[in-house]
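In: I'd like to go over a predicted model; first the sequence, then the structure.
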Amino acid sequence: MYKHAAMPIFMFSLCINAQEIPDYSGEYMFTNSKVAMTGIRELVTKDNGSRIIRFDAKFPLGRINIQSDFTEKDNVMTSKKYSVKARLAIIKDQRVLDFNQKEGTVTSKGKYNWTQDVIGNENVFDPLNVQIQIRKNVISGLTEFSLKLPDLKTGLIENNNYKIIGDGSFEVDGKIYPCKVVERIRLQDNRTTKYFLATELNYLIIKVEDEDKDGDTLLELKKLY
């Protein structure tokens, strides 16, 4: 009796671990109160099996490159490095997060400098690769879940809670894609983020709406390559 009762849980666990997100490349537009830019956002798998997700954009007064390096083994993601290089007119901003799995630490250098210990077997994501895990969890059928990220200013490892709040749609290059809408609420900084995941594109995130006290931010897919 107990053997058969455990089978659904076991099969669901296999389903969660079996999700593999394919590489992609697309043109996205990023806008906030200060700047608007169009760039290429892509997920790439290297020959050695490591993976990169990045956003690279140029605009009249500057350039920005955001990149996450991570690995996947048995469909478990492991963060390695997260970097931001930005230039707006004469203002430069450079940040690097190093995830030292051997020592169990996350270190930030650049605009903010800190080192934070990671407790136990916590899997800590960065602001880019966490979006891959969001997709994996939704594909697996989860409607609510929590993922750990460091606060970029302080290094404090925090739970970020996500929930599917309904269905939506978004038009990309003349085609309307049905979406699952996932919401993240960060009560600690009065910030709400909504992710639109296109069901027929392996739940690719094609739109992100971010609202906080510093103003609204929008990321939209314009063309998929």
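Out: Cool, got the structure.
In: which residues in the chain form strands?
Out: With DSSP state E as the criterion, the chain has strands at 24-31, 36-45, 51-59, 62-73, 76-88, 91-100, 105-110, 114-117, 144-150, 157-172, 175-186, 191-198, 204-212, 215-224.
In: now the angle from the longest one to strand 204-212?
Out: Calculated by axes from the mean of the first three to the mean of the last three C-alpha atoms, to 10 degrees, strand 157-172 forms an angle of 120 degrees with strand 204-212.
In: what do you get for the fourth one?
Out: Using the same axes, to 10 degrees, the inter-axis angle of strand 62-73 relative to strand 204-212 is 120 degrees.
In: okay, now the sheet partners of strand 62-73, with direction.
Out: The pairing partners recorded for strand 62-73 under DSSP bridges are strand 51-59 (antiparallel), strand 76-88 (antiparallel).
In: related to what we said a few turns ago, got TSV for the strands of the chain, with mean pLDDT and mean neighbour count too?
Out: Yep, even glycine has a C-beta here, placed from its N, CA and C like the rest. Converted to TSV, those look like this (pLDDT from 0 to 100; neighbours: other C-beta atoms under 10 Å):
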stretch	mean pLDDT	mean neighbour count
strand 24-31	96	17
strand 36-45	95	16
strand 51-59	93	18
strand 62-73	93	18
strand 76-88	93	17
strand 91-100	92	15
strand 105-110	97	17
strand 114-117	97	14
strand 144-150	96	17
strand 157-172	96	15
strand 175-186	94	17
strand 191-198	94	20
strand 204-212	93	19
strand 215-224	92	16
